[in-house]
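**Q** generate coordinates for the sequence data below:
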Amino acid sequence: MHAPRFTSSSIGTPSGSTGPHLRIGIAGAGVLGRLAAWSLAQAGHRVTVFDPATGPEARQDGLGPAGFTAAGMLSPLAELDHASAAIAMLGWRSIALWRQVADRLAADGGAPAPLLMQQRGSLLLAHAADLGSAQRVLDRLAQAGALHEAMPRPQALTGEALRTLEPALEPHLRAWLLPGEGQVMSPAMLCTLAGQAPQVQWRWSRTVTALAPGVIELDDGERWDADWVLDLRGLGARGPTPRTGAPAGAIDRLRGVRGEVVWLHAPGVVLNRPVRLMHPRHRVYLVPRPGDLFVLGASEIESEDRSPVSLRSAVELMAAAHSVVPALAEARIVHLESNLRPALPDNEPHTELQPGLLRINGLFRHGWLLAPALLQDGLAQAGLGSALGEPR
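**A** Below is the predicted model of the structure:
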């Protein structure tokens, strides 16, 4: 196991910038950027966010933040299949943090907390013919999960128990409950974070062309000075931006990993929690959303192609979903969407800290899963108070 990389250079705050009410500039208004802006503003800092998008609203063309496309699964146990135990432990912390964020937003007049985040566990499913593949996955989960005593173990379900939990599922599936996992309602959460931070100055349609400690430069030549700069741009951090003090090639080695999802509308079909099908070739998940909607995904393709979803992906994803929820045969396809996830060569997140500059990037397929814990750690290391509090 290795922890996500965290590098520093003379960690501390710039001269005269200690204490509350700092002037903070954030590059990027995706999951990390919006959560950081809301959290820092809640703590009394003066926050300005720069992003090339035209506004905070959800978009479904695959050109906006990857967080809008993602299903928002909070599945640290299931991710142990392909990710390190360090990733799972960060994810486990993030579930509690997302709960706090959702409750705070609801208390401040936002949407009810269940419309922002739910925590009812998730299910791992397998067809009888795929039990060999399923058992290998479960063995890996058991071995990695043993490294962290606080994380629960998968619980095998009888057919009767599965029917009680999820009557819509195909009755002959083998199933395991992953207690404590959940989901963020990604479009609702992103829009609410922006909408309930009126004290933040949102500079939409502005592209950051360069940044350095305490300085952001914009595409029209404007120079914006701050006590702290947070670079949370994902793939937008690539390019000619100076990277003073960064490990050689760290951010410049970012790549985009294509993901594809299908949105379905199925009135009368009830699924109470996310499910993930263990399959020899695919990792297929089906996530319920309010309004009889379901998010089905997700392919993981080593490509930076932003073109529409391919026929092959759509057919394979929808066939897998129909095999576990037969009633989806009459579901209507709302839309198909692709987007790019920012990833580094080892698929691990990277945090860089130096006086006046914090960078977090490379969250790969774990953006929603890792964002609160990574941000909490980074802000704490920088000495920046936030609504996320101190790591425990």
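**Q** low-confidence ranges in this structure?
**A** Low-confidence segments of the chain (pLDDT under 70): 1-20, 144-149, 239-250, 280-282.
**Q** what distance separates the start and the end of stretch 209-224?
**A** End-to-end distance of stretch 209-224: 12 Å, with Cα to Cα, to the nearest Å as the criterion.
**Q** buried set for that stretch?
**A** By neighbour count on 16 or more other Cβ atoms under 10 Å, the buried set for stretch 209-224 is Ala210, Leu211, Ala212, Pro213, Gly214, Val215, Ile216, Glu217, Leu218, Trp224. The C-beta positions use only the backbone N, C-alpha and C, and glycine is treated the same way.
**Q** how about stretch 226-239?
**A** For stretch 226-239, by 16+ other Cβ under 10 Å, it's 226-238.
**Q** which of those sit farthest apart?
**A** Greatest spacing in these, by Cβ to Cβ: Asp227 and Leu235 (26.6 Å).
**Q** name the nearest residue to Trp202, sequence neighbours excluded.
**A** Val49 (5.3 Å; Cβ to Cβ, 6 or more residues apart in numbering).
**Q** if that neighbour is in a bridge, with which residues?
**A** Beta bridges link Val49 to Ile26, Trp202, judged by DSSP bridges.
**Q** distance of the closest residue to Ala329 other than its chain neighbours relative to Asp130?
**A** Of all residues not flanking Ala329 in the chain, His322 sits nearest, at 5.9 Å (Cβ to Cβ, 6+ apart). Distance of His322 to Asp130, computed by Cβ to Cβ, to the nearest Å: 16 Å.
**Q** do the same with Gly91
**A** Taken as Cβ to Cβ, the span from Gly91 to Asp130 is 25 Å.
**Q** those two: which is more packed in?
**A** For the pair Gly91 and Asp130, the greater number of neighbours falls to Gly91 (27 against 16), based on other Cβ atoms under 10 Å.
**Q** now do the phi/psi pair for the more buried one.
**A** phi -60, psi -40 (degrees, to the nearest 10).
**Q** tell me who's in contact with it.
**A** Gly91 is in contact with Leu74, Ser75, Pro76, Glu79, His366, Leu369, Leu370, Ala373, counting by Cβ atoms under 8 Å, 6 or more residues apart in numbering.
**Q** what does Ala37 give?
**A** Counted by Cβ under 8 Å, 6+ apart, Ala37 has contacts Ile26, Ala29, Val47, Val49, Leu193, Ala194, Ala197, Val200, Trp202.
**Q** for the closest residue to Gly109 other than its chain neighbours, grab the count of nearby residues.
**A** The shortest distance from Gly109 to any non-neighbouring residue, by Cβ to Cβ, 6+ apart, is to Gln196 (7.4 Å). By other Cβ under 10 Å, the residues close to Gln196 number 19.
**Q** next: Arg289.
**A** 21.
**Q** list the contacts for it?
**A** So Arg289 contacts Met185, Val295 (Cβ under 8 Å, 6+ apart).
**Q** so in terms of bridging, what pairs with it?
**A** Beta-bridge partners, per DSSP bridges, of Arg289: Leu293.
**Q** that's a strand at Ala41, yeah?
**A** No: per DSSP: H, G, I helix; E, B strand; the rest coil, Ala41 lies outside any strand segment and is helix.
**Q** grab the nearest non-local neighbour of Gly297.
**A** Val261 (3.8 Å).
**Q** and which of the buried residues of stretch 226-239 is nearest to Ala161?
**A** Gly234 (40.2 Å).
**Q** chain neighbours aside, what residue packs nearest to that closest one?
**A** Nearest one to Gly234, counting by Cβ to Cβ, 6+ apart, is Pro342 at 4.1 Å.
**Q** who does the helix or strand containing that neighbour pair up with?
**A** Counting by DSSP states H and E, the element that carries Pro342 is strand 332-343. Using DSSP bridges, strand 332-343 pairs in its sheet with strand 255-265 (antiparallel).
**Q** Pro167 and Val270 touch, don't they?
**A** Yes: between Pro167 and Val270 there is a contact at 7.4 Å, judged by Cβ atoms under 8 Å.
**Q** tell me, how many residues neighbour Leu162?
**A** Neighbour count of Leu162, defined by other Cβ under 10 Å: 22.
**Q** can you pull the contacts of it?
**A** Counting by Cβ under 8 Å, 6+ apart, Leu162 has contacts Leu123, Leu169, Pro171, Leu173, Ala175.
**Q** got the domain ranges for the protein?
**A** 5-69+187-254+345-382, 121-181+255-343 (automatic domain parsing).
**Q** what are the buried residues along the helix or strand that contains Val315?
**A** Per DSSP H and E, Val315 falls inside helix 311-324. For helix 311-324, burial by neighbour count (16+ other Cβ under 10 Å) applies to Ser313, Ala314, Glu316, Leu317, Met318, Ala320, Ala321, Ser323, Val324.
**Q** can I get the residues you listed in CSV including distance to Ala266?
**A** Shown next, in CSV, are those (distance: Cβ to Cβ, whole Å):
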residue, distance to Ala266
Ser313, 20
Ala314, 16
Glu316, 19
Leu317, 15
Met318, 12
Ala320, 15
Ala321, 10
Ser323, 15
Val324, 13
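**Q** and of these, the nearest to Ala106?
**A** Of the buried residues of helix 311-324, the one sitting nearest to Ala106 (Cβ to Cβ) turns out to be Ala321, at 30.7 Å.
**Q** just checking, that closest one touches Tyr285?
**A** No: under the criterion of Cβ under 8 Å, Ala321 makes no contact with Tyr285, lying 9.2 Å away.
**Q** what sits in contact with each of the two?
**A** Leu296.
**Q** how much space separates Leu254 from Ala66?
**A** Leu254 is 13 Å from Ala66, by Cβ to Cβ.
**Q** repeat for Ser94
**A** 17 Å.
**Q** quick one, strands of the stretch 1-150 of the chain?
**A** For the stretch 1-150 of the chain, the strands defined by DSSP state E, counting those that start in this stretch occupy 5-8, 23-27, 46-51, 73-74, 117-118, 122-126.
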